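Novice: below: sequence and its predicted model.
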Amino acid sequence: MKEILKEPALARYDFVYLGDTARAPYGNRSSEVICNWTRESVERLFQDGCELVILACFTASAVALQRLQQEWLPKHWPNKRILGVLIPLAEEAAHISRFGRVGILGTRATVQSGALETELKKQRADLQIFAQAAPLLVPLVEEGWLNRPETKKIIRYYLRPLKQKHIDILLLACTHYPLLYKEIAAAAGKQTQVVHPGKIV
């Protein structure tokens with residue numbers, strides 16, 4: 001939302017922001033729960049008059065978006081639209097990766113879904129993709145432990161397997177992770193470009 005509001009071309013639109021803080025994080029939930037909760041939030045936004053909903057949650061985009069678009073939307077809200085955040089990130093990564101080695105840091109549900117890998121391969125078949133679930137990062141962000149030594153240590157732990165694969169691009173596949181952007185970029189090293197999802201989307 002912060003990045004959208006910086007964009008002059010989007011200033012003429014009205015925005016409604018819904019953050020499901022009561023039930024977050026979604027990343028460790030079952031697919032069925034994620035789909036149901038996402039549908040409930042989208043329903044609320046449509047009832048409030050929104051024409052377009054952007055699922056800014058990577059877990060919701062990875063697990064629920066396609067199902068909602070194909071099965072639920074045509075029956076209940078045929079004139080409304082839902083978009084996710086995976087495709088813009090996949091397009092950017094495919095475009096800027098020099099060596100074709102892309103790392104994904106995401107929630108368990110996002111990584112297990114394989115949805116971002118699928119979108120990346122649609123953009124560029126030669127990409128080698130390495131995914132790492134980082135389930136502790138969302139609770140740390142929620143607690144406000146952004147610059148704590150413990151958080152930096154956990155980030156290094158999660159990034160170690162990706163760095164061993166010599167990735168040149170790192171995708172932050174969770175809306176919480178950009179709040180740790182500086183810490184993640186420092187741990188990733190100068191050889192890896194960390195893509196900020198908010199700016200891209």
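Specialist: Perfect, thanks for sending it. Residues are numbered from 1 along each chain as shown.
Novice: got a pLDDT number for the residue sitting nearest the centre point of the chain?
Specialist: With distances taken as Cα atoms, centre = their mean, F58 lies nearest the centre of the chain, 3.1 Å away. What the model reports as pLDDT for F58 is 92.
Novice: ok, S61 next?
Specialist: Predicted confidence (pLDDT) for S61: 95.
Novice: how about the contacts made by it?
Specialist: By Cβ atoms under 8 Å, 6 or more residues apart in numbering, S61 lies in contact with 55, 84-86, 115. Placement of C-beta: from N, CA and C, glycine included.
Novice: now do G106
Specialist: By Cβ under 8 Å, 6+ apart, the residues touching G106 are 27, 58-59, 62, 116, 131-134, 171, 173-174.
Novice: in strands, which of the contacts of S61 fall?
Specialist: The strands, defined by DSSP state E, take in nothing from these.
Novice: neighbour count, pLDDT and distance to G144 added to the residues you listed, as a markdown table?
Specialist: Formatted as a markdown table, these follow (neighbours: other Cβ atoms under 10 Å; pLDDT from 0 to 100; distance: Cβ to Cβ, whole Å):
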| residue | neighbour count | pLDDT | distance to G144 |
| --- | --- | --- | --- |
| L55 | 22 | 96 | 25 |
| G84 | 24 | 96 | 27 |
| V85 | 24 | 95 | 24 |
| L86 | 26 | 95 | 28 |
| A115 | 24 | 96 | 29 |
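Novice: can I assume E183 is in contact with W145?
Specialist: No - between E183 and W145 there is no contact under Cβ atoms under 8 Å: 10.5 Å.
Novice: for the residue in the chain sticking out farthest from the centre, helix, strand, or coil?
Specialist: Going by Cα atoms, centre = their mean, the residue of the chain most distant from its centre is K75, 26.9 Å out. Secondary structure assignment for K75 (DSSP: H, G, I helix; E, B strand; the rest coil): helix.
Novice: for Q69, see how far away it is.
Specialist: For K75, the distance to Q69 equals 12 Å [Cβ to Cβ, to the nearest Å].
Novice: go on, V53?
Specialist: For V53, the distance to Q69 - Cβ to Cβ - is 11 Å.
Novice: of the two, who's got more company?
Specialist: Neighbour tally, V53 and Q69, criterion other Cβ atoms under 10 Å: the higher count belongs to V53, 23 against 14.
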